[in-house]
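*Asks:* pasting the sequence and the predicted coordinates here, then a few questions.
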Amino acid sequence: MTAESIVFSNFGVELIRRDGGYFLRYDSGEIVGKMVEVQISEQEANRVKLSERDAYEVILAHQRARG
Amino acid sequence: MRTTRLLAASVSLLLLLGALGHAADSAISTHSTESAGAIPGVSQKRAPINDETRERIRAQPKGTRPDPSTYLTKTYIEQHLTQFEGGCARVMPPPTTEIIGPPGGTFIMPRLLLDELLANSGGNLRKLEDELGLKPGTLPDDCVRIDIPSCPGLRVPSGNEVGANSDWLPGGFTAGGIPEAVVDQVRPGSYTLSILFPARTQ
């Protein structure tokens, strides 16, 4: 069982600390949605706390990286 | 077969809208086109966008796609959005945040159409998945519907949304022919949440 803690929740995202890393959990936003979780850097973790727009940009960067 | 049912549901939705006194002719009947879809012999609802434009927009990276007003007429956009005047809705697992939708907003469908699809499913989760064009087992037993009466920031999707996946098509219809739009993130107090199939969660 891996301990995790939600260190931030706003703008429709949750920032999770787990195993020394940062994970971003968010609603996929489709008509039939699902919860998505991606690992992000500390810099990105700091950015998602700033605004809805910043959180969007972090998610978008990960989606584009995945192709 | 599934698409046929979706189209039938869309037609039912439009009849309902008509019954509710919506003066404008539907976007579906007046502006969208029927064209050969990915399934041989099955027609799909599509926006009036030619193949070249559609693929050019889809090829652009998410975040750089043009505003729909640059390739759709104002009349089409207005009439498309009238389909959501009865409220909008979506389906999802139980949310973990009070705010519904990812940053930038969420895709939604007309509430009346979801009502229709649910009625057609007869309370069968697998049948609803089929109606929505989902793989069996996609929806969890405890999935919920979110009803949003006011549809804040209602707009035609640009394809720049977090929820625009690789199947996204410009013009406001899913690949399966379901009318779709986008709303801003939905705040607590602006939506109602209900379990889709309560009997499955007991």
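*Replies:* That came in fine, so what should we check first?

*Asks:* rest of the way, CA atoms for contacts and neighbours
*Replies:* Fine.

*Asks:* and the strands in chain A?
*Replies:* Counting by DSSP state E, residue ranges of the strands within chain A are A:4-10, A:13-18, A:21-27, A:35-40.

*Asks:* between those, which gets nearest to B:R46?
*Replies:* For the strands of chain A, proximity to B:R46 was assessed by CA to CA; strand A:21-27 is nearest, at 26.4 Å.

*Asks:* buried residues in the closest one?
*Replies:* Buried positions in strand A:21-27, judged by neighbour count with 16 or more other CA atoms under 10 Å in any protein chain shown: A:Y22, A:F23, A:L24, A:R25, A:Y26, A:D27.

*Asks:* thinking again about what came up before, chain B: which of the strands of chain A is closest?
*Replies:* The minimum distance between chain B and these falls on strand A:21-27, with 5.2 Å, by CA to the nearest CA.

*Asks:* now that closest one, how far from the centre of its chain.
*Replies:* For strand A:21-27, the gap between its own C-alpha mean and the chain's C-alpha mean amounts to 3 Å (CA atoms, centre = their mean, to the nearest Å).

*Asks:* what's the angle from that strand to strand A:35-40?
*Replies:* For the pair strand A:21-27 and strand A:35-40, the angle between their directions (axes from the mean of the first three to the mean of the last three CA atoms, to 10 degrees) equals 150 degrees.

*Asks:* mind listing residues that contact strand A:21-27?
*Replies:* Applying CA atoms under 8 Å, 6 or more residues apart in numbering or on different chains, the external contacts of strand A:21-27 come out as A:12-17, A:33-42, A:45, B:95, B:100-102.

*Asks:* now the buried members of the residues you listed.
*Replies:* Among those, the ones that count as buried by 16+ other CA under 10 Å are A:12-17, A:33-34, A:37, A:39-40, A:45, B:95, B:100-102.

*Asks:* and these, which is closest to B:P66?
*Replies:* B:P102 (20.3 Å).

*Asks:* the closest one falls within a helix, correct?
*Replies:* No - when classified by DSSP: H, G, I helix; E, B strand; the rest coil, B:P102 is found to be coil rather than part of a helix.

*Asks:* which residues does the spatially most central residue of chain A bridge with?
*Replies:* Nearest to the mean C-alpha position of chain A, by CA atoms, centre = their mean, lies A:L24 at 2.0 Å. The bridge-partner assignment for A:L24, based on DSSP bridges, gives A:L15, A:V38.

*Asks:* what parts of chain B come near chain A?
*Replies:* By CA under 8 Å from any CA of the partner chain, the part of chain B that sits against chain A consists of B:61-63, B:90-93, B:95, B:97-109, B:161-165, B:180, B:185.

*Asks:* recalculate using a threshold of 6 Å.
*Replies:* Within chain B, the positions adjacent to chain A are B:R90, B:V91, B:M92, B:I99, B:G101, B:P102, B:P103, B:T106, B:F107, B:I108, B:G163 by CA under 6 Å from any CA of the partner chain.
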